[in-house]
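Novice: Sequence first, then the predicted structure:
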Amino acid sequence: MPKVSIISVNYNQAAVTVELLESIKRLTFKDLEVIIVDNASKDDPSAALLASYPSVKFIKSAENLGFAGGNNLGINASSGEYLFFINNDAEIVEGTIEQLLALFERVPGLGVVSPKLCYYTPDEAVDTIQYVGTTEVSTFTGRNRTIGEREEDRGQYVVAKPTAYAHGAAMMIPRSAIDKVGKMPEEFFLYYEELDWCAQFRRAGYQIYIEPNALVYHKESLSVGKLSALKTYYINRNRIYFMRRNKSKLAFFIFSTYLFLLVIPKHALSFIVKRQWQHLDVFLKAIRWNYGGLDAAKTPFRPVSVAANTRKIGV
């Protein structure tokens, strides 16, 4: 078996990261390199984690580099032939590494593969699926659909097959493919970065797959809340930015027409009615970042400041 580097990013969630490391300790796959990147957490967890997990590589970033930037630090420090990116609020099931590696042997030109993701509900008798693939991002709406989401896992997904995009919470990529395509795009900071990366892999001739026989449990409840202003900003800003980078001029014009005629008025009115002024402010900032005379492909990236809303980068 080739060497696999497991890379995860921690941000103010040391206890959750410990649960991931414990799940890795239970794996029988031995040729693993585990790398934890701390994205400038308020309290540095490195000393405590190193004391309990001396074989793990810990990297302390001086600033919060976002999901992509943190993972790219991990790439720089890794030595595995395959890199497995995993959220720190996830737990890996025995056999997952082997199943993913086996798929690379069977599928020529495979660039990225994700395991099946299920919500972490240890008290439930039946697993609930979060992800077994996605559809393409629509040219009209700029949205896509996650296959299998919220379904009970009754064994209905058992065949590995191509998918439009991998899931950033868990995905394996050969180092050779990253060397060809480049590292994760850091301009996004948060949300849509794995979709953009997958689009780059496909343009380079690689296939994207889902392997439902491999399984990771994801504690999604630890992610940004549904009403987070931080999420409002980056979801909307990066949705537009993704379309700018990956669609034709005609497709982007169609999407922009839909955005300005329907999405912007609807969202703005909703925020006003609910008196969610901070959400309205960051929503309009997200629009201006893409359309307000800025060339988003050339303008230096600076994350928005939403001091009242913090999150664990890596979801």
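Specialist: The structure has been received and is ready for your questions.

Novice: Just after the lowest-mean-pLDDT helix or strand in the chain, pick out the following helix or strand.
Specialist: Every helix and strand in the chain was compared by mean pLDDT, DSSP states H and E; the lowest is helix 46-52, with a mean of 85. Using DSSP states H and E, the helix or strand that follows helix 46-52 in sequence is strand 57-60.

Novice: one step back: export the least confident helix or strand of the chain to CSV, keeping only CA atoms.
Specialist: Below are the C-alpha coordinates for helix 46-52, written out as CSV (Å, rounded to 0.1, in the frame of the first residue of the first chain):
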residue,chain,number,x,y,z
SER,A,46,-0.2,22.3,19.9
ALA,A,47,1.6,21.5,23.2
ALA,A,48,-1.4,19.5,24.6
LEU,A,49,-2.0,17.6,21.4
LEU,A,50,1.7,16.8,20.9
ALA,A,51,1.9,15.4,24.4
SER,A,52,-0.9,12.9,23.6
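
Novice: List the buried residues for that helix?
Specialist: Judged by neighbour count (16 or more other C-beta atoms under 10 Å), helix 46-52 contains these buried residues: L49. Bear in mind the C-beta positions are built from the backbone N, C-alpha and C, glycine included.

Novice: for stretch 12-22, same thing?
Specialist: Residues of stretch 12-22 classed as buried: N12, Q13, A14, V16, T17, V18, L20, L21 (neighbour count, 16+ other C-beta under 10 Å).

Novice: Which of those residues fall in helices?
Specialist: A14, V16, T17, V18, L20, L21 (DSSP state H).

Novice: Give me the pLDDT value at the last one.
Specialist: Listed pLDDT for L21 reads 95.

Novice: And for the third one?
Specialist: Here the pLDDT value assigned to T17 is 94.

Novice: What's the separation between it and P122?
Specialist: Relative to P122, T17 is positioned 18 Å away (C-beta to C-beta, to the nearest Å).

Novice: do the second one as well
Specialist: Per C-beta to C-beta, V16 is found 14 Å from P122.

Novice: again, but for the fourth one
Specialist: V18 sits at a distance of 16 Å from P122 (criterion: C-beta to C-beta).

Novice: hang on, the earlier thing: does anything pack onto the least confident helix or strand of the chain? Which helices or strands?
Specialist: When contacts are defined as 3 or more C-beta pairs under 8 Å, 6 or more residues apart in numbering; DSSP states H and E, helix 46-52 packs onto helix 14-25, strand 57-60.

Novice: Contacts for the longest one, please.
Specialist: It stands for helix 14-25. 6, 8, 10, 32, 34, 36, 41, 43, 45, 48-49, 52-53, 56, 86-93, 219, 222, 312 (C-beta atoms under 8 Å, 6 or more residues apart in numbering).

Novice: quick one: contacts for the closest residue in space to V56 that isn't next to it in sequence?
Specialist: The spatial neighbour of V56 that comes closest, neighbours along the chain excluded (C-beta to C-beta, 6 or more residues apart in numbering), is V34 at 4.6 Å. Each residue near V34 by C-beta under 8 Å, 6+ apart is listed here: S5, I6, S8, L21, I24, Y53, S55, V56, K57.

Novice: Specify the angle between the helix or strand containing V34 and helix 14-25 in degrees.
Specialist: Assigning secondary structure by DSSP H and E places V34 in strand 32-38. If you take axes from the mean of the first three to the mean of the last three C-alpha atoms, to 10 degrees, strand 32-38 sits at 170 degrees to helix 14-25.

Novice: Give the partner strands of strand 32-38 in its sheet and their orientations.
Specialist: strand 4-10 (parallel), strand 57-60 (parallel) (DSSP bridges).

Novice: quick one: average pLDDT of the first one?
Specialist: Spelled out, that is strand 4-10. 97.

Novice: next one: stretch 41-53 to chain centre, how far?
Specialist: Stretch 41-53 sits 23 Å away from the centroid of its parent chain (C-alpha atoms, centre = their mean, to the nearest Å).

Novice: So which residue is dead centre in the chain?
Specialist: Most central in the chain under C-alpha atoms, centre = their mean is G168, positioned 2.6 Å from the mean C-alpha point.

Novice: Spatially nearest residue to Q200 (excluding sequence neighbours)?
Specialist: Spatial nearest neighbour of Q200, excluding adjacent residues (C-beta to C-beta, 6+ apart): V181 at 5.1 Å.

Novice: Check the contact between the one you found and A199; I expect there is one.
Specialist: No - using C-beta atoms under 8 Å, V181 makes no contact with A199, being 10.1 Å away.

Novice: So for stretch 46-62, first residue to last residue, what's the gap.
Specialist: Start and end residues of stretch 46-62 are separated by 13 Å (C-alpha to C-alpha, to the nearest Å).

Novice: Residues touching it, excluding its own?
Specialist: Against stretch 46-62 from outside (C-beta under 8 Å, 6+ apart): 14, 17-18, 21, 33-40, 44, 69-70, 73-74, 77.
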